[in-house]
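Undergrad: Model the following, please.
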Amino acid sequence: MTTHLSPSAAQRVFLVLTATRWLPVGFVIGVFTLFAIERGLTVQQTLSYGAAQGLAVVLLELPTSGFADAFGRKSVLVVAGVIDVITGVLYLTATSFWQFMVAAAFMGIYRALDSGPLEAWFVDTVHESEPGADVDQALARQGTIVGVAIAGGSLASGGLIAWHPVAGASALALPIAVSIGFAVLHLVLTLTLVRESPRSVTGSRVEQAIESAKQTPTVIKDGLSLLRHNPILAGIVGVELFWVIGMTVFESMLPIRLAQLLGGEAEAGALLGPVAAGGWAVFALGSTLAGRLMRRWGVVRAAIAARILNGLGAAVMGLMLGPAGLVGAYLVTYLLHGMGGAPHATLLHREATARNRATVLSMNSMVMFAGGAVAGPAIGWLAEATSVQAAMVTAGLVSVLGAALYLPAFRHERGAASLADPDLLRG
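TA: Modelled structure (predicted):
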């Protein structure tokens, strides 16, 4: 039995679920940070509790990806959707550092489950009809959809915070509650739209899950073996260690710096909505530009340029002394962030096969979250020891160094181009 979905139909489902996956994120992006500070956490505690999310991803990413590869993408996506709803409720009710840490741990479980199956389902569904077909343009469109969805959610979030209809509650609580509702919608659509060929498995799903968990050491070993025997893939995945340092600046430090400049978390939250909306709108533009740059420059050159410029943009954010300058630097940085996503994803898919595609994607995600678990507390400590601005500049400059890890892929792409057409070397 096949999925009975054509490549075009699979792409429509892929993009719809991408939109509903990321729309609720728009409502809470940056809000969780301000919400924690409003509830009494320090800057260092706010940047540190997220380490629980990174730890959960590191422990669960590869085993859950192995489950997706063996037993089907849809079942993992559904479980992820349920965890997402629970996570939202935990954040909404958290009042202490440890409660925020528990919520972050559930977020890590969700991200571990969610990081690869939808993309892997789409690519494998396309390859059922068109074996080996490149999906770089669909991935570029996905990045555009992500940007538009998060921008819309962020804009609505800022409006809800400014409206603040319930005087006795925090203005920051309403967008969190709304995001939970949209997470439920995404879960329903996943159940309805994803169609997948049944896997040849035996025993109950509980027994399969237990067996998969028992294979955790083997799965981790196999995942690390992929990196050890493929230096190109190891370099691509290693970029995430530096990328996440820059992301800490323009995702976690931005709300904190805005609150400093504007005088309060609620004031920053009201502005953060339209600012984040603008950021994700230019992220969508950056993803669109990435498709053109990959055709003109090659995939690896586009990835290197985006990585360098994005890190420099994060550093410039730390140099800004007023809200207008900070917002302007943020918008440029997020444009460059969007330009980097599709080239990076395309390089990952070049090194993956249908057998291990979800594992490769999960390895990439696991490395990012492991890096974030270290980077967040370290940058928080640096901000407390020096200043928020100094921490932002330092982290942005360190992030630039990740571009060097694309060089093995660049040499490989250049060599392949020279074999195919020597004239390409002069392009």
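
Undergrad: And the next helix or strand past the helix or strand that contains residue 367?
TA: Assigned by DSSP states H and E, residue 367 belongs to helix 357-385. Later in the chain than helix 357-385, the nearest helix or strand by DSSP H and E is helix 388-400.

Undergrad: does residue 84 really touch residue 187, like I thought?
TA: Yes. Under the criterion of Cβ atoms under 8 Å, residue 84 makes contact with residue 187 at 7.4 Å. In this view, the C-beta of every residue, glycine as well, is placed from N, C-alpha and C.

Undergrad: Those two: which is more packed in?
TA: Neighbour count, other Cβ atoms under 10 Å: between residue 84 and residue 187, residue 84 has more, with 26 against 20.

Undergrad: just for this structure, where's the confidence low?
TA: 1-4, 61-71, 130-134, 136, 197-216, 218-220, 358, 415-427 (pLDDT under 70).

Undergrad: Please state the offset of the helix holding residue 367 from the chain centre?
TA: 11 Å (Cα atoms, centre = their mean, to the nearest Å).

Undergrad: With stretch 297-309 instead?
TA: 19 Å.

Undergrad: which residues sit against that stretch?
TA: Here stretch 297-309 makes contact (Cβ atoms under 8 Å, 6 or more residues apart in numbering) with 136, 239, 242-243, 286, 290, 293-294, 336-337, 339-340, 343-344, 346-347, 350, 399-400, 402-403, 406, 409-410, 413, 417, 427.

Undergrad: Let's see that stretch as CSV, backbone CA atoms only.
TA: Taking Å, rounded to 0.1, in the frame of the first residue of the first chain, the C-alpha atoms of stretch 297-309 are listed here in CSV:
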residue,chain,number,x,y,z
TRP,A,297,26.1,30.9,-5.9
GLY,A,298,25.7,27.2,-5.0
VAL,A,299,24.3,25.8,-1.8
VAL,A,300,27.4,25.9,0.3
ARG,A,301,28.4,29.4,-0.6
ALA,A,302,24.9,30.6,0.3
ALA,A,303,25.2,28.8,3.6
ILE,A,304,28.6,30.3,4.5
ALA,A,305,27.6,33.8,3.6
ALA,A,306,24.5,33.6,5.7
ARG,A,307,26.3,32.2,8.7
ILE,A,308,29.0,34.9,8.8
LEU,A,309,26.6,37.8,8.3
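
Undergrad: quick one: contacts of stretch 250-261?
TA: So stretch 250-261 is in contact with 29-31, 33-34, 37, 43, 46-47, 50, 265, 267-269, 271-272, 275, 279, 313-314, 317-318, 322-323, 326, 330, 333-334, 337, 376, 379, 383, 388-389, 391-392, 395, going by Cβ under 8 Å, 6+ apart.

Undergrad: let's go with 7 Å and repeat that
TA: If you take Cβ atoms under 7 Å, 6 or more residues apart in numbering as the criterion, stretch 250-261 is touched by 30, 33-34, 37, 43, 47, 265, 268, 271-272, 314, 317, 322-323, 326, 330, 333-334, 376, 388, 391-392.

Undergrad: What subset of those residues is buried?
TA: Among these, those scoring as buried are 30, 33-34, 37, 43, 47, 265, 268, 271-272, 314, 317, 323, 326, 330, 333-334, 376, 388, 391-392 (criterion: 16 or more other Cβ atoms under 10 Å).

Undergrad: Buried residues, the helix holding residue 367. List them.
TA: Using 16+ other Cβ under 10 Å as the test for burial, helix 357-385 gives 357-373, 375-380, 382-383.

Undergrad: same thing with stretch 15-29?
TA: 15, 17-29.

Undergrad: now those as a markdown table including secondary structure and distance to residue 151?
TA: Below are these laid out as a markdown table (DSSP: H, G, I helix; E, B strand; the rest coil; distance: Cβ to Cβ, whole Å):
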| residue | secondary structure | distance to residue 151 |
| --- | --- | --- |
| 15 | helix | 16 |
| 17 | helix | 18 |
| 18 | helix | 14 |
| 19 | helix | 11 |
| 20 | helix | 15 |
| 21 | helix | 14 |
| 22 | helix | 10 |
| 23 | helix | 10 |
| 24 | helix | 13 |
| 25 | helix | 11 |
| 26 | helix | 7 |
| 27 | helix | 11 |
| 28 | helix | 14 |
| 29 | coil | 10 |
